[in-house]
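A.B. asks: I'll drop the sequence and a predicted model, then ask my questions.
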Amino acid sequence: MFERYTEKARRIIFFARYEASELRSHIIEPEHLLLGLLREAKTLFEGAKIEPMRDEIRAAARVEGVAVSTSVDLPLSHPAKKVLAYGAEEAERLNHRHIGPEHLLLGLMREPGLAATILEKYGVELAMQRKQVVASETPSETKSREIVMELRWAFAPLVERLKPEIEPAVVYTARP
Amino acid sequence: MNIRELGQRLRRREISCVGLIEQTFGDIKKRDTFNCLITMTEEQALADARELDRDFAEGRDRGPLHGIPIAYKDLFYTRGIRTTGGSLVYKDFIPDHDATVVERLHAAGAISIGKANLHEIAYGITSKNPHFGFVLNPRDPKRIPGGSSGGSAALVAAGFVPMALGTDTGGSIRIPASYCGVTGLKPTYGRVSRHGVLPLAFSLDHVGPLGSCVEDCALTMNAIAGPEEFDLSPAANLKGMRVGIPQNFFFDSVRDDVATAVHNAILHLERLGASLIETPIPDLAEANVVARVIQLAETAAVYARHRDRTMFGNDVWGLIEQGRMIAAEEYINAQRLRTLFRREFDALWQKIDILAAPSTPVTAPLLEETTVQIGAKEEDTRMASTRLARSINLIGEPALSLPCGKDSLGLPIGMQLIGAPFSEPKLLQAAKMLEASV
C-alpha cells in the first residue's frame, strides 16, 4: 500500500509507529502521524510553533500502560486509515503520482479529531495548505506532469490489448 | 571524398596516412565553424597514422578502412581520452578502455580524429548543446543539424571525414542524416555491440555509421558488425525485391516537397526492377507512444542518482523528470506491447522485403524554430523530427536514411528504407542502387 509513498512519507509512517509506542498506544492514530510529520517535514509548518504543538499533542495523546516493544507491528486505527486515504485522494486531485508529506498533512486536516483540531488551533489551514502544495512545484515539474498525463492518456487504451500470456520483449535477439 | 576514393589515393601513394591526417586537421581548423567536435585527438591520430604508414610500407594492408580518418560521437568510450556524453555529468570522465566498436575500427586501420559534439546525453534532436556549444548544419549554418548525432552528421556533411559513428535511440542517426544530407544506418537491435557506449535507453539504443555514401556505411558495418560480409558488389537490378509503400502513417503528415521526393525515389526503385506493393502497416503512432514510455523510463533509470538539475539543460532535465513519473507497470506493459508490434511486423515481412518512407516529415528546421509548419498544422520540432523514426527503435528493425532530393531552399530530403531483422545487406544494396540513380 505504500509503494507510491516518497521516502519522507515512509519515514513519517515509521516515526508515527514509534510515537504511538512511546505514548503507550497499541494502535497508530492520526495524532501519531502528525507527530511523525512534525519530525520529518518541519518545512510544511512554516510560521506555526512546532514545539508547543508537539507538546500539546503528546499531552493529549498519552495513555496509561506499558510501552509496546518496537518489534511488534502496530495496526492503523480506522481514522488513521482514513487520513492515508484522504492523502492519496489529495495526491490524485493534484495529478501527483507520488504521495508525500504534503499530501499526508492535507489528509490529516480532513479527518476530524485531535490532530485536525490542533492543526486548526495552530493556524494551519486546509485551503492555504493546498495552494502551497501547488505553488511548491517548479514550472518544469508542472509541465512534465502535463506531458506525462497526456502520454498516459494515449497509452492506457493500448494496454487493453494485452492478454495475460503476452510477455515483455526486452531482448531483441531473443526473437526467433 | 568517400572511403573507397581515399583508400585508392593512399594505396597509389598519392598521399600517406600521416599526410591525410594532417590535411584533415588543417581543413577542420580552417573551416569548422559548425562546432562539430568536443575533443580533437591530433597527436594520437598522427601516431596511429605513422604506424599505419609503416604497415603499408611493410606490405600489411588492413583493408578498406586502413588510414581512413573517422570520428566518434562523444558517447563512445575511448581509452585515455575524455568521453563527455555532451554533459556536465561526464565532463571529466576518462574511460580506461575502448568501446568494442572503437577497438574493432582501430584494428581495421581507421584513425579517430576526435569526439563529435552531440545533443546533451544524446537526449534530443537539435544538438543545441548548452555545455559544449550548438552544432550547426553545414548545409545551412542557420539550421539545426538534427540529433542527437549532430556533430557526427555535420563532420561528414562538411566533408571533414567520410564516416563518423553515431547512436540511434529514437532516430538519432537517421534524423541528422536526413537534415544534413548524409547516409545513416541504424542496424538491427543487437547487431552491433553497445559495450562501452554511454547508454540512453538500454532496449532502444543502437550503434551505427553516418557516411558520405551508402558504401561508407557498408564498409563500416563490415568492421563493426561481426562475421557477416556486407557485400556491395553491384547487382544488375533489384528484380524480385518487394518494396512496400505504406498506405497509412508515414505520408499522413509530411511536407509536400518531402512526400514528392520520396515518391519519386520509390518510382526509381521500380525502374530498377523492384515490385511496388501498397500496403497497410501497423499503427506506428501507437508504437511511438509505447516507445516514449520505454525511453522515458529507461533514461530516468540511467540518471536516477543525478538529482541536481543545474547539471542539465532544461529540455533534458524535463525529460528525465517525466521519466521519473512513469510507473513500473506502465514500463512493463510497454515492453509487452512491444511484443505485439513485433508480431505485426513479422507478418508484414511476409508480404514485403523493404518499407520505403520519408526519414523526417520536414527538412532541417532553423535553430530558433521550436515548432515546424506542416500543411495547416504546427508541430513541436522534436516530436515532428522523431515521429517517423522512433517506432523503428521499438521493433528493432534495421533502417537507413539516405538523401533523395532537395527542397526549394536546396536543403536535403531524407528517405528511409526499413527492412526485416538482420536484412541490412538487402537494405544497403537497394540504397546503393538508388543512390546511383537519384
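C.D. replies: Happy to help now that I have it. Just so you know, these numbers come straight off a predicted model, no measurement behind them.
A.B. asks: in the stretch 201-350 of chain B, which spans are strands?
C.D. replies: Along the stretch 201-350 of chain B, counting by DSSP state E, counting those that start in this stretch, strands occupy B:206-211, B:242-246, B:275-279.
A.B. asks: quick check: B:A107 touching B:R62?
C.D. replies: Yes. Counting by Cβ atoms under 8 Å, B:R62 is a contact partner of B:A107 at 7.5 Å. Where you see a C-beta, it was placed from the backbone N, CA and C, and this is true even at glycine.
A.B. asks: more neighbours: which of these two?
C.D. replies: Legend: neighbour count by other Cβ atoms under 10 Å in any protein chain shown for B:A107 and B:R62, higher for B:R62 (16 against 12).
A.B. asks: wait, that one sits on B:E51?
C.D. replies: No. Using Cβ under 8 Å as the test, B:R62 is too far from B:E51 to be in contact (10.5 Å).
A.B. asks: okay if I get the strands of the stretch 201-350 of chain B as TSV plus mean pLDDT?
C.D. replies: Formatted as TSV, those follow (pLDDT from 0 to 100):
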stretch	mean pLDDT
strand B:206-211	98
strand B:242-246	98
strand B:275-279	98
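A.B. asks: so where's the chain shaky on pLDDT?
C.D. replies: Looking at chain A here, since you left the chain open. Within chain A, the stretches with pLDDT under 70 are A:95, A:137, A:170-176.
A.B. asks: sorry, should have said chain B
C.D. replies: Short version for chain B, where the test is pLDDT under 70: B:226-228, B:231-234.
A.B. asks: what's the single longest helix in it?
C.D. replies: Longest helix of chain B, by residue count under DSSP state H: helix B:328-351.
A.B. asks: repeat that for chain A.
C.D. replies: The longest helix of chain A (DSSP H) is helix A:139-159.
A.B. asks: quick check: angle from it to helix B:328-351?
C.D. replies: 50 degrees (axes from the mean of the first three to the mean of the last three Cα atoms, to 10 degrees).
A.B. asks: buried residues, helix A:139-159. List them.
C.D. replies: A:S144, A:R145, A:I147, A:V148, A:L151, A:R152, A:F155, A:L158 (16 or more other Cβ atoms under 10 Å in any protein chain shown).
A.B. asks: contacts for it?
C.D. replies: Residues from elsewhere that reach helix A:139-159, judged by Cβ atoms under 8 Å, 6 or more residues apart in numbering or on different chains: A:95-97, A:137, B:286, B:289-290, B:292-293, B:296, B:309, B:314, B:317-318, B:321-322, B:325-326, B:330, B:333-334, B:337.
A.B. asks: quick one: list the elements packing against the longest helix of chain B.
C.D. replies: helix A:139-159, strand B:242-246, strand B:275-279, helix B:284-302, helix B:390-395 (3 or more Cβ pairs under 8 Å, 6 or more residues apart in numbering or on different chains; DSSP states H and E).
A.B. asks: quick check: what element follows that helix along the chain?
C.D. replies: strand B:354-358 (DSSP states H and E).
A.B. asks: tell me which other helices or strands that following strand touches.
C.D. replies: strand B:242-246, helix B:256-271, strand B:412-419, helix B:424-437.
A.B. asks: quick check: buried residues in stretch B:172-182?
C.D. replies: In stretch B:172-182, counting by 16+ other Cβ under 10 Å, buried: B:S172, B:I173, B:R174, B:I175, B:P176, B:A177, B:S178, B:Y179, B:C180, B:G181, B:V182.
A.B. asks: the fifth one sits in which helix or strand?
C.D. replies: I take that to be B:P176. helix B:174-180.
A.B. asks: can I get the following helix or strand past that helix in PDB? Just the C-alpha atoms.
C.D. replies: Remark: after helix B:174-180, the chain's next helix or strand is strand B:183-186, criterion DSSP H and E. The C-alpha trace of strand B:183-186 is given here as PDB (Å, rounded to 0.1, in the frame of the first residue of the first chain):
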ATOM      1  CA  THR B 183      23.600   8.500 -45.300                       C
ATOM      2  CA  GLY B 184      23.000   6.900 -41.900                       C
ATOM      3  CA  LEU B 185      22.200   3.300 -40.900                       C
ATOM      4  CA  LYS B 186      20.600   2.200 -37.700                       C
END
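A.B. asks: pull up the pairing partners for strand B:183-186, direction included.
C.D. replies: Counting by DSSP bridges, the strands paired with strand B:183-186 are strand B:206-211 (antiparallel), strand B:399-406 (antiparallel).
A.B. asks: CSV for the ones you listed, including mean neighbour count?
C.D. replies: Formatted as CSV, the strands paired with strand B:183-186 follow (neighbours: other Cβ atoms under 10 Å in any protein chain shown):
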stretch, mean neighbour count
strand B:206-211, 30
strand B:399-406, 26
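A.B. asks: out of these, flag the one nearest B:A261.
C.D. replies: Taking Cβ to Cβ, strand B:399-406 is the member of the strands paired with strand B:183-186 nearest to B:A261, at 3.4 Å.
A.B. asks: can you state the direction angle for that closest one and strand B:354-358?
C.D. replies: Going by the same axes, to 10 degrees, strand B:399-406 makes 50 degrees with strand B:354-358.
A.B. asks: how far off strand B:412-419 does strand B:399-406 point, in degrees?
C.D. replies: Orientation of strand B:399-406 against strand B:412-419 (the same axes, to 10 degrees) gives an angle of 150 degrees.
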